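Asker: Sequence plus predicted model, see below.
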Amino acid sequence: MPLLKGTKIYSILANKCPRCHEGDFFQTHNPYDLRNFDKLHDRCQHCNENFTREPGFYIGSMYISYALSTALTVVTFVLFVVLLGFDELRVLYVLLPAFVFLLPVSFRTARLIWINIFVRYNRQKARNNKPDVVRL
């Protein structure tokens, strides 16, 4: 994935800070570590970008999660029912457990997409190994 470095796609797929693409966004890379799948670092270990912006910041990621789920449903339904002729109910019976299984992945992806909407990649922050000084 080094080819994608510097793009928002890299940050989203690699679980990296949207500003420097060096520090990890979530504390664990495994979305199925159910005790820690939703735990994110307060700040980037590399550039000191604040990941916990304000209370309620990530509520907007619910819209992203909804859009991802809707897109998956429509694509799956069209592929299996319309193009391949499967029974609608059987496809829905498979889709429901699939959504439950993919919930941790969808949750994390939606949060990464949401913060990437508001934070731009900064090449200078990626090169700088010293975190920014936090001034109060």
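Answerer: Nice, thanks for sending it over.
Asker: what helix or strand does the residue nearest in space to the middle of the chain sit in?
Answerer: Nearest to the mean C-alpha position of the chain, by CA atoms, centre = their mean, lies Thr109 at 2.1 Å. Counting by DSSP states H and E, the element that carries Thr109 is helix 88-118.
Asker: And that helix, what does it pack against?
Answerer: helix 8-14, helix 61-77 (3 or more CB pairs under 8 Å, 6 or more residues apart in numbering; DSSP states H and E). For the C-beta atoms, the positions are set from N, CA and C on the backbone; glycine is no exception.
Asker: Can you name the element that comes right after it?
Answerer: Using DSSP H and E, the helix or strand that directly follows helix 88-118 along the chain is helix 123-127.
Asker: Grab the nearest non-local neighbour of Lys8.
Answerer: Asn116 (4.5 Å; CB to CB, 6 or more residues apart in numbering).
Asker: List the residues that contact the nearest residue to Tyr32 once chain neighbours are set aside.
Answerer: Nearest residue to Tyr32, sequence neighbours excluded (CB to CB, 6+ apart): Pro104, at 5.9 Å. Counting by CB atoms under 8 Å, 6 or more residues apart in numbering, Pro104 makes contact with 31-32, 34, 37.
Asker: What's the separation between Pro104 and His29?
Answerer: Pro104 sits 12 Å away from His29, going by CB to CB, to the nearest Å.
Asker: Please apply the same query to Gly60.
Answerer: 24 Å.
Asker: Of all the residues in the helix or strand bottoming out on mean pLDDT in the chain, which ones are buried?
Answerer: When the helices and strands of the chain are scored by mean pLDDT, DSSP states H and E, helix 123-127 comes last with a mean of 78. Neighbour counts using 16 or more other CB atoms under 10 Å place 125-126 of helix 123-127 among the buried residues.
Asker: quick one: Met1 and Leu13 touch, right?
Answerer: Yes. Using CB atoms under 8 Å, Met1 is in contact with Leu13, at 6.7 Å.
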